[in-house]
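Asks: My questions are about this predicted structure, shown below with the sequence.
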Amino acid sequence: MLRHLMNVMDLSVQELDELLTLANQIYENPDDYADACHRKKLATCFYEPSTRTRLSFESAMLNLGGQILGFDDADSSSAAKGESVADTIRVISSYADICAMRHPKEGAPYVASLHARIPVINAGDGGHNHPTQTLTDLMTIRMLKGQFSGLTIGLCGDLKFGRTVHSLVEAMVRYPDVHFIMISPDELRIPDYLRRDILDRNLIDYKEVGVLEDVLPKLDILYMTRVQRERFFNEEDYIRLKDSFILDKAKMDLAHDDMLVLHPLPRVNEISTEVDDDPRAVYFKQAKFGVYVRMALILTLLKEAGTL
Ligand code: CP
């Protein structure tokens, strides 16, 4: 059956668990999977800049013995001549076995999935969703905390435009006894739909605050985000808000010894480099886990499509 991944909620809790278990197995025994995608091709269609997502997808397919093709800039594709996403994916369906697509327009990978004959993975669509980052975040939490339930998670920074935050909240509310503390400037608070349709509807315990120091001692996980310059309507607002929160050594002293600091990266100023050597700072480890979880996803979708 042809299956796509647009949103982490496309996966049931059981499917998510199976995917993370497979990612863990690949992490433990990578050689066992070195030829799993022999002669299969991954197309990376990136209409928006990326380092981690595109390269970790490509690394994932190469680690599985497959091959890669694609573009990393809309201007180097026929989108620059006005080709639609629908036509592009129809063509790429003849060139590759699976596609990862990033696009600045929300819903563009979904449109692609409607016209595709191969599995399409949303690699980030505007300020909307970024499911494979969420899979990466979940793998990091499961590997380093051992469980999802019972955690108090602080989400800090640009909670309005930060698509990784939206996807992570949606995924985590499915586990029992999860608490959120949202830390942001007023202008960058979580969107209303997330508050109303996800948090309130699921009776999730959360609060919204403006000062990081006050809540740091309560957190099991601090998920930092950068202020998303590319989604602002004017530069003045960006400059005013960009350094609202900067995590440094002095603030880390307020946190538990076992609090983890995650960040989807790229980082700008929001985490001082002096924090990088703190064993609680796991954002580079998190980026590494992204390869294994994408290997698991490629394998799962190709198997379901009957390609493997
Ligand atoms: N975390 C993330 O999506 O990073 P890139 O924008 O570099 O892919």
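Replies: The structure has been received and is ready for your questions.
Asks: Once you drop chain neighbours, what's closest to the residue of the stretch 151-300 of the chain found nearest the ligand?
Replies: For the stretch 151-300 of the chain and the ligand, the shortest gap (C-beta to the nearest ligand atom) falls at Pro264, measuring 3.8 Å. Where C-beta positions appear, they are placed from N, C-alpha and C, glycine not excepted. Among residues not flanking Pro264 along the chain, Thr164 sits closest, at 4.4 Å (C-beta to C-beta, 6 or more residues apart in numbering).
Asks: just checking, the residue of the stretch 151-300 of the chain closest to the ligand is part of a helix?
Replies: No - Pro264 is assigned coil when assessed by DSSP: H, G, I helix; E, B strand; the rest coil, not a helix.
Asks: if I look at it, how far off is Glu18?
Replies: 23 Å (C-beta to C-beta, to the nearest Å).
Asks: Those two: who's more crowded?
Replies: Pro264 (27 against 14; other C-beta atoms under 10 Å).
Asks: For that one, which residues are in contact?
Replies: Applying C-beta atoms under 8 Å, 6 or more residues apart in numbering to Pro264 gives the contacts 52, 130, 133, 136-137, 164, 225, 286.
Asks: Can you name the residues of the protein sitting close to the ligand?
Replies: 50-53, 124, 133, 264-266 (C-beta under 6 Å from any ligand atom).
Asks: Report the buried residues of stretch 20-40.
Replies: 20, 22-24, 26-27, 33, 36-37, 40 (16 or more other C-beta atoms under 10 Å).
Asks: quick check, nearest of those to the ligand?
Replies: The closest of those, once distances to the ligand are taken by C-beta to the nearest ligand atom, is Ala23, at 16.6 Å.
Asks: Relative to Val111, how far out is the residue lying farthest from the centre of the chain?
Replies: Most distant from the centre of the chain: Lys81, at 29.9 Å, with distances by C-alpha atoms, centre = their mean. According to C-beta to C-beta, Lys81 stands 18 Å off from Val111.
Asks: burial count for the residue in the stretch 51-200 of the chain that the ligand sits nearest to?
Replies: With C-beta to the nearest ligand atom, the shortest gap between the stretch 51-200 of the chain and the ligand falls at Thr53, namely 3.2 Å. A total of 25 residues lie near Thr53 under the criterion other C-beta under 10 Å.
Asks: Run through the helices of the chain in chain order.
Replies: 13-28, 52-63, 85-92, 108-115, 131-145, 163-172, 192-193, 212-215, 235-241, 249-252, 283-304 (DSSP state H).
Asks: hmm, back to that, pretty sure the residue nearest to Pro264 sits against Thr134.
Replies: Yes - between Thr164 and Thr134 a contact is recorded at 6.8 Å, counting by C-beta atoms under 8 Å.
Asks: higher neighbour count, the two?
Replies: Thr134 (27 against 22).
Asks: give the contact list for the more buried one.
Replies: Counting by C-beta under 8 Å, 6+ apart, Thr134 touches 8, 164, 167-168, 170-171.
Asks: Output the residues you listed in CSV; the columns should cover pLDDT.
Replies: Compiled in CSV, the contacts of Thr134 are given as follows (pLDDT from 0 to 100):
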residue, pLDDT
Val8, 94
Thr164, 90
Ser167, 90
Leu168, 95
Glu170, 93
Ala171, 95
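Asks: ChimeraX command for the buried members of the residues you listed?
Replies: To isolate the buried members of the contacts of Thr134 in ChimeraX, using 16+ other C-beta under 10 Å:
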select :8,164,167,168,170,171
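Asks: wait, which of the contacts of Thr134 is closest to Leu247?
Replies: Of all the contacts of Thr134, Thr164 has the smallest distance to Leu247: 16.6 Å, by C-beta to C-beta.
Asks: most centrally placed residue in the protein?
Replies: Central residue of the chain (C-alpha atoms, centre = their mean): Gln133, at 1.6 Å.
Asks: which one of the residues of the chain next to the ligand sits closest to Arg201?
Replies: Gln133 (23.4 Å).
Asks: which one among the contacts of Thr134 gets closest to Leu297?
Replies: Val8 (10.7 Å).
Asks: and the closest one, what does it touch?
Replies: Counting by C-beta under 8 Å, 6+ apart, Val8 has contacts 16, 129, 131, 134-135, 138, 167, 170-171.
Asks: would you turn the helices of the chain into CSV with distance to Leu260?
Replies: Output for those, formatted as CSV (distance: least, C-beta to C-beta, whole Å):
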stretch, distance to Leu260
helix 13-28, 17
helix 52-63, 18
helix 85-92, 37
helix 108-115, 30
helix 131-145, 6
helix 163-172, 13
helix 192-193, 28
helix 212-215, 15
helix 235-241, 25
helix 249-252, 11
helix 283-304, 9
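Asks: list the contacts for the nearest residue to Thr225 once chain neighbours are set aside?
Replies: Of all residues not flanking Thr225 in the chain, Gly157 sits nearest, at 3.7 Å (C-beta to C-beta, 6+ apart). Neighbouring residues of Gly157 by C-beta under 8 Å, 6+ apart: 183-184, 188, 224-227, 244-245, 270.
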